[in-house]
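Enquirer: requesting a structural model of the entry that follows:
(one chain, ligands or ions: 1)
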Amino acid sequence: MKIPRILSNTIAFPTISAIGRRKAELVTSVALLACGNLAVYAGAQVASGDPKLFVAALSLIPFLIAMLGVLWLNRLGRRMVARWLLMTAISSGVATQVFIFHGTDVRTYFFFGCAGIVAPVILPWRHRMATLLFVAFHLFLFVWLDSVELHVSPELVAAHESWTIRTLDAWARATFIVSIAILIWKMEFLTRRTERELAALATTDALTGLLNRRGVDALLKHELATAARRHTTLWLAVIDIDHFKLVNDRFSHAIGDSALRQVAQTLSAQARDGDFVARWGGEEFLVIMPSCGDSNGAATAAERMRQSVAAGKLAMAHAAPLTLTISIGVAGVPPDGDIASAISQADQALYRAKSSGRNRVVVADEPHGILAQR
Ligand SMILES: Nc1nc2c(ncn2[C@@H]2O[C@H](COP(=O)(O)OP(=O)(O)OP(=O)(O)O)[C@@H](O)[C@H]2O)c(=O)[nH]1
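Expert: Got it, this is the predicted structure:
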């Protein structure tokens with residue numbers, strides 16, 4: 001079944017931050033929960049056949065419209081308005097039921113308790129004083145109404161033993177507990193997801209979508225441990241775009257960014273399963289190749305990447321397509337070796353590749369350095 005866009009949590013709010021999305025989804029959940037609860041409530045009132053309860057059910061229509069407004073405003077990104085509308089609509093919907101239609105015989109006032117508990121997680125921290133007042137007022141109403149008998153409607157006192165009143169009473173109690181439980185579960189779920197998203201963001205380079213330095217550091221340690229267990233060499237390729245400063249200076253920083261993205265895509269496409277491509281720094285990339293075997297295998301893989309970048313063209317709006325080249329330094333980390341010295345060797349090999357003309361691959365332990373060139 002296709003879920004209407006306005007109701008869907010998974011596809012909603014694609015453009016906002018992880019934390020903002022968490023709040024927005026929480027607002028959607030509470031709005032849907034409140035709608036569901038009060039729809040059942042209104043259903044029981046209508047089914048009772050009692051004209052007063054029927055009018056009470058009709059009085060929930062503005063509340064339902066307000067909930068749709070909350071969902072809509074939330075999607076539009078008017079999250080502050082959506083949050084306050086949600087809380088005030090719940091509050092006034094409950095107040096209407098309690099003070100105009102039921103009094104305290106039906107425990108609709110339990111929803112004041114719900115509103116008081118939910119408010120701090122929904123309302124913005126920025127409005128903390130207003131939130132505090134909202135919470136205090138609702139908890140006061142909840143405690144006060146629980147301790148007094150407020151028979152607003154004489155008909156309701158007469159109908160006290162009817163199935164409708166019992167149902168509404170039971171529903172209000174059950175909803176109080178279940179709503180809080182669902183909210184806690186939802187918050188836990190969203191917190192875990194937000195944590196995962198933030199962890200992914202912290203290890204991802206925003207421009208290219210590759211692993212960033214922080215991400216690759218952890219990965220390197222893991223891959224080295226695996227290689228050491230298998231007694232194999234972990235091969236690393238440090239890659240630098242040639243004359244990249246010229247691209248920025250001659251065209252623009254935006255074109256420079258496009259060039260970085262294109263090289264990142266080409267390297268990722270050329271990497272084999274099990275290889276990892278990361279953005280190592282400005283215009284430098286690092287490729288981790290755990291299963292290349294010997295230096296020939298690593299050099300062949302690096303050469304394939306070099307050729308592929310050189311064969312690509314970066315489309316330009318008002319100029320001829322741009323051809324980019326890269327220089328690559330390759331080094332291996334033996335099972336008992338350390339990453340820092342392998343990176344340093346790869347850097348030196350890269351330096352040799354640059355100083356001997358660029359657009360080439362140099363393997364650190366090759367006596368002549370230059371293994372492949374065009
Ligand atoms: N557009 C863009 N440029 C960047 C980014 N990060 C670093 N750079 C640029 O990359 C350039 C690196 O230039 P250099 O280190 O002089 O190297 P180069 O021009 O590539 O020369 P060689 O490496 O010797 O071939 C600098 O101009 C940086 O500003 C980025 O994220 N986007």
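
Enquirer: would you map the helices across the stretch 151-300 of the chain?
Expert: For the stretch 151-300 of the chain, the helices defined by DSSP state H, counting those that start in this stretch cover 154-158, 163-202, 213-230, 244-250, 253-270, 295-311.

Enquirer: what about the stretch 51-200 of the chain, any weak spots by pLDDT?
Expert: Along the stretch 51-200 of the chain, segments meeting pLDDT under 70 span 103-105, 150-161.

Enquirer: the ligand contacts on this structure?
Expert: 207, 240-246, 248, 253, 256-257, 260, 282-283, 354, 358 (CB under 6 Å from any ligand atom). (Glycine included, C-beta is placed from N, CA and C.)

Enquirer: buried ones in stretch 23-36, by neighbour count?
Expert: 23-31, 33-35 (16 or more other CB atoms under 10 Å).

Enquirer: hang on, the earlier thing: now the buried members of the residues of the chain next to the ligand.
Expert: Buried by 16+ other CB under 10 Å: 240-242, 244, 248, 256, 260, 283, 354, out of these.

Enquirer: any idea how the chain splits into domains?
Expert: Domain assignment for the chain, taken from automatic domain parsing, gives 18-201, 213-373.

Enquirer: keeping just the C-alphas, turn the host helix or strand of N74 into PDB.
Expert: Following DSSP states H and E, one finds N74 within helix 61-76. Output of helix 61-76 as PDB, limited to C-alpha atoms (Å, rounded to 0.1, in the frame of the first residue of the first chain):
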ATOM      1  CA  ILE A  61     -13.200  18.200  13.700                       C
ATOM      2  CA  PRO A  62     -11.200  21.500  14.200                       C
ATOM      3  CA  PHE A  63      -8.600  19.400  16.100                       C
ATOM      4  CA  LEU A  64      -8.400  17.000  13.200                       C
ATOM      5  CA  ILE A  65      -7.900  19.900  10.700                       C
ATOM      6  CA  ALA A  66      -5.200  21.400  13.000                       C
ATOM      7  CA  MET A  67      -3.400  18.000  13.000                       C
ATOM      8  CA  LEU A  68      -3.400  18.000   9.200                       C
ATOM      9  CA  GLY A  69      -2.100  21.500   9.300                       C
ATOM     10  CA  VAL A  70       0.700  20.300  11.600                       C
ATOM     11  CA  LEU A  71       1.700  17.600   9.100                       C
ATOM     12  CA  TRP A  72       1.600  20.000   6.200                       C
ATOM     13  CA  LEU A  73       3.500  22.800   8.000                       C
ATOM     14  CA  ASN A  74       6.100  20.200   9.100                       C
ATOM     15  CA  ARG A  75       6.600  19.100   5.500                       C
ATOM     16  CA  LEU A  76       6.900  22.800   4.400                       C
END
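
Enquirer: find the nearest non-adjacent residue to L183, please.
Expert: V118 (6.3 Å; CB to CB, 6 or more residues apart in numbering).

Enquirer: first-to-last residue distance for stretch 248-259?
Expert: Criterion CA to CA, to the nearest Å; first-to-last residue distance in stretch 248-259 is 9 Å.

Enquirer: do stretch 199-215 as well
Expert: 9 Å.

Enquirer: and what of stretch 283-301?
Expert: Using CA to CA, the two ends of stretch 283-301 sit 20 Å apart.

Enquirer: give me the buried positions along it.
Expert: 283-292, 295, 298-299, 301.

Enquirer: ok, which stretches of the stretch 251-374 of the chain are strands?
Expert: Counting by DSSP state E, counting those that start in this stretch, the stretch 251-374 of the chain has these strands, from start to end: 276-281, 284-289, 326-333, 360-363, 370-373.

Enquirer: now render those as CSV, adding mean pLDDT.
Expert: Shown next, in CSV, are these (pLDDT from 0 to 100):
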stretch, mean pLDDT
strand 276-281, 94
strand 284-289, 96
strand 326-333, 95
strand 360-363, 95
strand 370-373, 46
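
Enquirer: just send those strands back as JSON lines, with distance to V94 too.
Expert: JSON lines is the format used below for the strands of the stretch 251-374 of the chain (distance: least, CB to CB, whole Å):
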{"stretch": "strand 276-281", "distance to V94": "53"}
{"stretch": "strand 284-289", "distance to V94": "58"}
{"stretch": "strand 326-333", "distance to V94": "65"}
{"stretch": "strand 360-363", "distance to V94": "71"}
{"stretch": "strand 370-373", "distance to V94": "75"}
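
Enquirer: pLDDT at I19, what is it?
Expert: Per-residue pLDDT puts I19 at 69.

Enquirer: would you enumerate the residues in contact with I182?
Expert: Contacts here follow CB atoms under 8 Å, 6 or more residues apart in numbering; on that basis I182 touches 29, 33.

Enquirer: that one and H253: what is the separation?
Expert: 48 Å (CB to CB, to the nearest Å).

Enquirer: over to S344?
Expert: On the measure of CB to CB, S344 and H253 end up 30 Å apart.

Enquirer: then V27?
Expert: With the distance defined as CB to CB, V27 ends up 38 Å from H253.

Enquirer: re the thing from before, from the buried residues of stretch 23-36, which ones fall inside helices?
Expert: 23-31, 33-35 (DSSP state H).
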